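A.B. asks: sequence-free structure coming up:
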């Protein structure tokens, strides 16, 4: 449960209870319309609470639109009973206006449920076009009811206005129930992780209670407010507020809807990635404490080991960023991870090599995560030399992966070496994971060389972004049982990006120090690692621990200077939290690319704004040395995050390196 959102929940519940009590008390006081006014204010409060809370701008827009329509419902009610009283055309028009939010909000609920954990956006909105047309037709029918009477039949008897449902009246209720139940079912199916499921009783209870009140009003009481001792208990408009706001607020509370409070509750690092790298984080802390006052050679060896572990964590976070989008991952990503990890062996005077052959193939993302952890554990224990061979292939209907790790001595910590069937390095790898994936792992000794070989073969499969899909029939169910620590929740995307970007900046500084930079001292390296560890702390983010404003211009300029880059920032950094996070990511990616791919040491950032968008332009000093830019790693993640929030990203490299981001203001 998202503890950071509980305060808002309590305010909404107390507000609704007090309004219900005042609704009863109002029968004995001269003050009227307090219920309509109070509920209108409650809805407005809820909409404003979403502004800096919901990290997905698309979902936030749809929720806010739903809140606006519910506000309109109470405005129509107020006007009908206080301004256009009596049996007039305008009075009936306000009555018909009730059906505008009643018909549209269930469609909005369906759109929100489809957008959870996926990339349902405008391009997929065409799938909903038939439903949108049906909704428009129903709206036209109810607003023109006076012309045909197909929705509500109205007649007058003894000066009284009487009404009953017309032929299409019950079609409206069928529409509402069908769409709300569909939205409910989709949201439930996307509630895959145990951390969500154990709290699912909350949204279920809210929806059941809402439909019970709805049934009591329309079916038991024939479309009028239930009464107690002659006083009405509630009006139907409040029920629609509960069915929309109550339901989606409860999904925010259990963590299914991405939110800022969720990120804070997870202490800036998601539960899954924390479990998988917690030992490595502790190891970095231990090494740092031992080498702070050590002599230069000992300090250098310790920093090399720390950098290697950091590269593993960074790559792991990067793999998780990509994995969160699909169940399959290219072996090309594994190759990048291996190459980056082996880079640090050169600094430690360990001979390391990597060889790959065959075309890049797509395999279960869990396999690549498992392989990378296995590789990390094996080469930790190598003393002087290791060599990694990766062979991938594709035959008709299947793909194969073979990885062999050769070392000049037996990696320490192997168990059951004397088993007659084979030597399984259980202490080096998660064998439950490899067994579930149908992969085999063997250790053998040949001519004083230890060889660890992994073999896996899979049928050719298409990418599937569905959370609940099975990759391999029955095996898919087994995979879902272990996904909780290797596959992270999608709403942790922002957190994983921070880990990846923060470690990337830290590793650049470390590598520059190891290469003999004159501007980077050992104190600067220690300071950077302290910052990264604080950022990955289970308690508080680094900014809170250090007291530094990490959103200001001076902070970014100082970060660039610590890496030997002179940053010039023109314009104001956006105030919106999600836009600042994008800026932070883009800044890190740009400084990294300036260091890697240019002969210059200057980075320019220009920020301009229009009424609807920010334009962020990142350029260097026309010193780009490479060829065409291939989007991978940081650039790939930056594009994904930019497009997810409805923005665009353009890269140019012919006359210097340039990134142009266009980001909508407030998700518009």
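C.D. replies: Here it is on my side, so go on. This is a predicted model, so every value here is computed, not measured.

A.B. asks: Now do the domain split for the protein, please.
C.D. replies: 3-265, 282-311+493-547, 325-487, 549-668 (automatic domain parsing).

A.B. asks: Now do the longest one, average pLDDT.
C.D. replies: Meaning domain 3-265. For domain 3-265, the mean per-residue pLDDT is 84.

A.B. asks: How far off centre is it?
C.D. replies: Averaged C-alpha coordinates place domain 3-265 at 27 Å from its chain's average position (CA atoms, centre = their mean, to the nearest Å).

A.B. asks: swap in the last one?
C.D. replies: The chain centre lies 21 Å from the centre of domain 549-668; the measure is CA atoms, centre = their mean.

A.B. asks: returning to what we had before: take the domains of the chain and write them to JSON lines, including mean neighbour count.
C.D. replies: (Each C-beta comes from the backbone N, C-alpha and C, glycine too.) Rendered in JSON lines, the data for the domains of the chain read as follows (neighbours: other CB atoms under 10 Å):
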{"stretch": "domain 3-265", "mean neighbour count": "17"}
{"stretch": "domain 282-311+493-547", "mean neighbour count": "18"}
{"stretch": "domain 325-487", "mean neighbour count": "17"}
{"stretch": "domain 549-668", "mean neighbour count": "17"}
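
A.B. asks: Assign residue 574 to helix, strand or coil.
C.D. replies: Using DSSP: H, G, I helix; E, B strand; the rest coil, the structure places residue 574 in coil.

A.B. asks: In contact with it, which residues?
C.D. replies: 580, 583, 607, 609, 614, 663 (CB atoms under 8 Å, 6 or more residues apart in numbering).

A.B. asks: Also residue 22?
C.D. replies: 34, 35, 38.

A.B. asks: for residue 561, same thing?
C.D. replies: residue 567.

A.B. asks: beta partners for residue 156?
C.D. replies: Beta-bridge partners recorded for residue 156 (DSSP bridges): residue 161.

A.B. asks: shouldn't it be in contact with residue 162?
C.D. replies: Yes. Here residue 156 reaches residue 162: they are 7.0 Å apart, a contact under CB atoms under 8 Å.

A.B. asks: Name all residues that make contact with residue 572.
C.D. replies: Counting by CB under 8 Å, 6+ apart, residue 572 makes contact with 607, 609.

A.B. asks: repeat that with 7 Å
C.D. replies: Residues near residue 572 by CB atoms under 7 Å, 6 or more residues apart in numbering: residue 607.

A.B. asks: any idea how far it is from residue 583?
C.D. replies: 11 Å (CB to CB, to the nearest Å).

A.B. asks: what does residue 13 give?
C.D. replies: For residue 13, the distance to residue 583 - CB to CB - is 37 Å.

A.B. asks: for residue 565, same thing?
C.D. replies: Counting by CB to CB, the gap from residue 565 to residue 583 is 16 Å.

A.B. asks: hang on, the earlier thing: can you tell me which of the contacts of residue 574 are in strands?
C.D. replies: 607, 609, 614, 663 (DSSP state E).

A.B. asks: who's the first one bridged to?
C.D. replies: In this case it means residue 607. residue 616.

A.B. asks: From residue 639, how far off is it?
C.D. replies: Per CB to CB, residue 607 is found 19 Å from residue 639.

A.B. asks: Return the list of helices and strands in contact with the helix or strand containing residue 297.
C.D. replies: In the assignment (DSSP states H and E), residue 297 maps to helix 296-323. Helices and strands touching helix 296-323, by 3 or more CB pairs under 7 Å, 6 or more residues apart in numbering; DSSP states H and E, are helix 271-291, helix 331-347, helix 365-380, helix 493-514, helix 522-535.

A.B. asks: what do you get if the cut-off is 8 Å, keeping everything else the same?
C.D. replies: Packing contacts for helix 296-323, counted by 3 or more CB pairs under 8 Å, 6 or more residues apart in numbering; DSSP states H and E, involve helix 271-291, strand 328-330, helix 331-347, helix 365-380, helix 493-514, helix 522-535, helix 634-644.
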